[in-house]
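In: What would the 3D arrangement of this be:
(one chain, ligands or ions: 1)
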Amino acid sequence: MLDLLIHNASLPDGRTAMSVAVQGGQIVAVAAGLQAPAHQTLDAQGQLLSPPFVDPHFHMDATLSYGLPRVNQSGTLLEGIALWGELKPLLTADALMERALAYCDWAVAKGLLAIRTHVDVCDDRLLAVDALLEVKRQVEPYIDMQLVAFPQDGVLRAPNALANLHRALDKGVDVVGGIPHFERTSEQGAASVKLLCEIAAQRGLRVDMHCDESDDPHSRHVETLAFETQRLGLQGLVTGSHLTSMHSMDNYYVSKLIALMAESQLHAVANPLINITLQGRHDSYPKRRGMTRVPELLAAGINVAFGHDCVMDPWYSLGSGDMLEVAHMGLHVAQMTSQAAMRQCFDAVTVNAARVMGLDNYGIAPGCHADLVLLQARDPVEALRLRATRLKVFRRGQLLAESPAACSTLHLPGRPGQTDWMAN
Ligand code: FE2
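Out: Below is the predicted model of the structure:
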């Protein structure tokens, strides 16, 4: 007897009228028109059944702190970092955990069941590290969370940052982070990349670095990250996040750089909502968009994912944990408007993001975890267009969240009682 049998689902790869059979928290069969006894059956009515959304780049220690202690007036990355510096001494573990857990509730409702979050390690108390390790433990039954040891103020620039990073990793933080463009000089930035990659190699950990998050066309830290990845044999384990300077770089230089990144099997994470908000702030007109070269990276075979980065914090005043909103913005900023490119944007917040995190058994195939989201849309493009309602969210075959279908009742002259969910 199956635990759950879902009928008549559309899948992200384009298959329709599919059945997905779940037993013991795992998908045991995916086929058209499966018939088998099950404790629970669900008619998907042709709607899209997707693996869960994955956010490969977030800052959960800062989330939902918007307005504390004040609002970012200039809207720049640097004022955001300064503002976070003002907030840090005021943080308490209880308040931080309360905000993080509230965000995790939002995430589950939006079908977001895996999150890689950076955690600032520059506070000697490591208060945020301890708090997020506890949050990770508490949400483990429903969210796969990875923590990145992130030296926000620069591992070489900030006193004690290196020692604190080691302490955080000793406590169980999963991934080594960095911020080379914020070190004092470009040489120090390159030295930080080398040092942090060596720490990851020695500890057998992954790397995820904020890298070249600026409009500076001469920022070169992703080149160093690709080189160190190869030198240390970390291929496939290293992610360059943001990479916004690539937007402004010389085309000839980028043509060499992208090949180096591909050779090193670097993952790239763009953060469309934040990149379009923070970058180009020093421009008059035209204003640069600041997002990295997503279609070109994908064309070179590089795994590109989209992250949310911020929700209601010193850097960004909006957001709701909706990865379809993230992909929707990415699609527009990158002008990825063909049918194939829009599907790539859906992949950027699902399968590609899962690859960044190295998640096992992710997907809709026999042997995968029965982690599933039923969307009120018939295919990935419609899901993006509507930022579709998550009708049901399953984890290991168990229902975690459900939302009523969006539907508007129209009161039009001469056409009484019309309803239309597409109008939402
Ligand atoms: Fe970030």
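In: from here on, contacts and neighbour counts on C-alpha atoms
Out: OK.
In: Give me the buried positions along the strand or helix carrying residue 5.
Out: Using DSSP states H and E, residue 5 falls within strand 2-9. The neighbour-count check on strand 2-9 (16 or more other CA atoms under 10 Å) flags 3, 4, 5, 6, 7, 8, 9 as buried.
In: so what strands line up beside that strand?
Out: For strand 2-9, the paired strands and their directions (DSSP bridges) are strand 18-23 (antiparallel), strand 38-43 (parallel).
In: Deepest-packed of those, please.
Out: For those, average neighbour numbers computed from mean count of other CA atoms under 10 Å are highest in strand 18-23, which has a mean of 23.
In: between the helix or strand following that one and strand 18-23, what angle do the directions make?
Out: Of the helices and strands lying after strand 18-23 in sequence (DSSP H and E), the nearest is strand 26-32. Going by axes from the mean of the first three to the mean of the last three CA atoms, to 10 degrees, strand 26-32 is angled at 160 degrees with respect to strand 18-23.
In: Does the residue lying closest to residue 234 once chain neighbours are set aside lie in a helix or a strand, and which?
Out: Spatial nearest neighbour of residue 234, chain neighbours left out: residue 201 (7.1 Å); criterion: CA to CA, 6 or more residues apart in numbering. In the assignment (DSSP H and E), residue 201 maps to helix 186-203.
In: And that helix, what's buried?
Out: Per 16+ other CA under 10 Å, helix 186-203 contains these buried residues: 186, 188-201.
In: can you check stretch 255-269 too?
Out: So for stretch 255-269, counting by 16+ other CA under 10 Å, buried means 257-269.
In: Could you verify my assumption that residue 34 touches residue 17?
Out: No. Using CA atoms under 8 Å as the test, residue 34 is too far from residue 17 to be in contact (10.1 Å).
In: hey, what's in contact with both of those two?
Out: Common neighbours of residue 34 and residue 17 (criterion: CA atoms under 8 Å, 6 or more residues apart in numbering): residue 7.
In: quick one, phi/psi of the residue nearest to residue 313 when sequence neighbours are not counted?
Out: In this structure, residue 313 finds its nearest non-sequential neighbour in residue 66, 4.3 Å apart by CA to CA, 6+ apart. Here is the backbone geometry of residue 66 (degrees, to the nearest 10): phi -50, psi 130.
In: Residue 66: how many residues sit nearby?
Out: 18 (other CA atoms under 10 Å).
In: from memory it sits against residue 314, does it?
Out: Yes. Between residue 66 and residue 314 there is a contact under CA under 8 Å: 6.0 Å.
In: how about the strands in the stretch 301-424 of the chain?
Out: 303-306, 372-375, 390-395, 398-402, 408-412, 415-420 (DSSP state E, counting those that start in this stretch).
In: again, but for the stretch 101-250 of the chain
Out: For the stretch 101-250 of the chain, the strands defined by DSSP E, counting those that start in this stretch cover 112-120, 144-150, 175-176, 206-211, 238-242.
In: Give the other helices and strands that the longest one contacts.
Out: Which is strand 112-120. strand 53-58, helix 127-139, strand 144-150 (3 or more CA pairs under 8 Å, 6 or more residues apart in numbering; DSSP states H and E).
In: Can you redo those as CSV, where the extra columns are mean neighbour count and distance to residue 378?
Out: Listed next are the helices and strands packed on strand 112-120 as CSV, based on neighbours: other CA atoms under 10 Å; distance: least, CA to CA, whole Å:
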stretch, mean neighbour count, distance to residue 378
strand 53-58, 30, 17
helix 127-139, 19, 30
strand 144-150, 24, 27
